[in-house]
Structures are given as structure tokens and as C-alpha cells.
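Visitor: I would like to see how this sequence folds:
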Amino acid sequence: MYITEHDKAIIRQLVEKQLQAFQQNDGETAFALTSPTVQSKFEQTEDFIMMLKDKYHCIFSSRSIMFRGFTLISNYPALVSVVMDQGGNLAQGVFILQHQPDYSWRIHGYELLSIDEKII
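Guide: All right, here's what the predicted structure looks like:
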């Protein structure tokens, strides 16, 4: 899937907005930025936030994030980042995106990988 430079900028803004919502404990905004598929997996916003805190704690409460570029994962565009958690540990955070019927973008999933793991 080809994404334009304009789409890349929009995607980065979307991810930054969600990260800001995490930092501000604004679960409603963070949840609203996910795809309908992701939203359908959770009964409440709080369930989504609990899943993030459990499985993607490094992304949810990062100390800093540096974006590295884009790749494809299962034919979805993905924004790859280096994430530093509150303890100073590094990991790769991958934000998977989905293009919506209204031409907007939504976050469709996350991957958390070791810093030296190759993304295929």
C-alpha cells in the first residue's frame, strides 16, 4: 500500500495526539482515535486502557518516543518508533494504521518489539 507524504504527516499527528491523550489520562480521546475494529473489541474505554497498560505499558506511559519511519505490516501501514519507558529501557513501538471509508486514518493496533528485533 502506498501512502503519500501528506498521509504520513496526518498519521504522525494522529499517533502524537493519542500519545498526548495517554499522558493526560484522557482515555476517551485515545479510544476515539482507534479503528472501529479495535473499538468493537472493548465494551468500555476503560477496558481498552487496561489492555494498553498491561500489554503496551512502554507505549502507554513512555518517557520519550522517536519516530523512525514507515513500513507495512500485514498490508497495513505502520509507523515505527523507538520508545523509552520511565525506567530508561528502550523498545520498538509500532503503530499500525487503517484507512477508513471516509478517508481518515485510525490506529488499528500496536506492536512492541525488542530494540534489536527486525521488523518484517
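
Visitor: CA only for contacts and neighbour counts going forward, please
Guide: Fine.

Visitor: in this protein, which helix or strand is least confident?
Guide: Least confident helix or strand of the chain, by mean pLDDT, DSSP states H and E, is helix 57-60 with a mean of 90.

Visitor: So which residues make contact with that helix?
Guide: 19, 22, 23, 52, 53, 83, 84, 85, 86, 91, 93, 112 (Cα atoms under 8 Å, 6 or more residues apart in numbering).

Visitor: Just name whatever secondary elements the strand or helix carrying the fourth one is in contact with.
Guide: Assessed by DSSP states H and E, residue 52 sits inside helix 45-55. Contacts of helix 45-55 with other secondary structure elements, assessed using 3 or more Cα pairs under 8 Å, 6 or more residues apart in numbering; DSSP states H and E, are made with helix 27-32, helix 57-60.

Visitor: Show me the beta-bridge partners of the residue minimising distance to the centre of the chain.
Guide: Taking Cα atoms, centre = their mean, the centroid of the chain lies closest to residue 95, which sits 3.4 Å from it. For residue 95, the beta-bridge partners are residue 79, residue 110 (DSSP bridges).

Visitor: Next up, the contacts around it.
Guide: 15, 78, 79, 80, 107, 108, 109, 110, 111.

Visitor: Sketch out the strands for the chain, chain order is fine.
Guide: Assigned by DSSP state E, the chain shows strands spanning 64-73, 76-84, 90-99, 105-113.
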